[in-house]
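Q: Predicted model and sequence below, questions to follow.
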Amino acid sequence: MAQSPTRQPVLRSSGAAAAEGGSRSRLREARYGGRSKVGDGAWTSQAVKARFREAAQTLRRLHNLTNRDVPMVRDTYWPAIVRPYVEGYGWDAPRSSLGAPAPGAIDRLDETIGWASDWLEDYERHLVWERAFSVRWKVLEAKLGCDRTTAWRHYVFALVKVAAQLNARDGQAAGNPRRRDCHR
């Protein structure tokens, strides 16, 4: 018996994809950007992760933040170097600041902060926010006192927990309704 050859994915140009009614951006959005194809409007852990990352970027763009508002990645106790006027200009590359965030991004930030404070434990909340601010796993291992795999498991569990709460809040089927959280 002859076996049928396996089908290879066909790569099409953006013009062919647009002619068929789809586009690369829609395909990318369906894969990474938020809601899944499982349920119409169901939240996934990837969507929650993207929302936390967007919230972290919005926090970075807000002005007048103190060190308590944004987690510190690197901390030093050396005093700031005061440079004379002659050295002050023209030696370093010019810095450009990000513009102020859009009002919709601030609203989503407030909603995301509410998710974290309502549904996550303290260590989960710290873990999710620090990963959203791109803190390295090595630093998180030292803070949590566990290896990378365990920290990653706690991180994924926290994202899934938020996604399940969002799906339950939005009226989506959140799995088995008889199954309850062991800690409540």
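A: Sure thing, it's come through.
Q: So what touches the helix ranked longest in the chain?
A: In the chain, with assignment by DSSP state H, the single longest helix is helix 148-169. Residues outside helix 148-169 that contact it (Cβ atoms under 8 Å, 6 or more residues apart in numbering): 39, 42-45, 47-49, 115-116, 118-120, 123-125, 127-128, 131, 137-138, 140-141, 144, 173-175. Bear in mind the C-beta positions are built from the backbone N, C-alpha and C, glycine included.
Q: Of those residues, just the buried ones, PyMOL syntax please.
A: The buried residues among those can be selected in PyMOL (16 or more other Cβ atoms under 10 Å) with this line:
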select buried, resi 42+43+44+45+47+48+49+115+116+119+120+124+125+127+128+131+140+141+174
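Q: Next step: the contacts of helix 148-169 restricted to helices.
A: Mapping the contacts of helix 148-169 onto helices (DSSP H) picks out 45, 47-49, 115-116, 118-119, 123-125, 127-128, 131, 137-138, 140-141, 144.
Q: Restricting to C-alpha, output stretch 136-150 in PDB.
A: Taking C-alpha atoms only, stretch 136-150 is exported to PDB below (Å, rounded to 0.1, in the frame of the first residue of the first chain):
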ATOM      1  CA  ARG A 136      14.500  37.800  34.100                       C
ATOM      2  CA  TRP A 137      13.700  34.300  35.400                       C
ATOM      3  CA  LYS A 138      17.000  34.100  37.200                       C
ATOM      4  CA  VAL A 139      16.000  37.100  39.400                       C
ATOM      5  CA  LEU A 140      12.500  35.500  40.000                       C
ATOM      6  CA  GLU A 141      14.100  32.200  41.000                       C
ATOM      7  CA  ALA A 142      16.100  34.000  43.700                       C
ATOM      8  CA  LYS A 143      13.000  35.900  44.900                       C
ATOM      9  CA  LEU A 144      10.800  32.900  45.100                       C
ATOM     10  CA  GLY A 145      13.400  30.400  46.200                       C
ATOM     11  CA  CYS A 146      12.600  27.800  43.600                       C
ATOM     12  CA  ASP A 147      13.900  26.700  40.200                       C
ATOM     13  CA  ARG A 148      12.800  28.200  36.900                       C
ATOM     14  CA  THR A 149      10.400  25.400  36.000                       C
ATOM     15  CA  THR A 150       8.400  25.800  39.200                       C
END
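Q: can you count the residues close to G41?
A: 13 (other Cβ atoms under 10 Å).
Q: pLDDT value on it, please?
A: With respect to pLDDT, G41 has a value of 73.
Q: Does it touch A47 like I think?
A: No. The pair G41 / A47 is not scored as a contact, 10.2 Å apart, by Cβ atoms under 8 Å.
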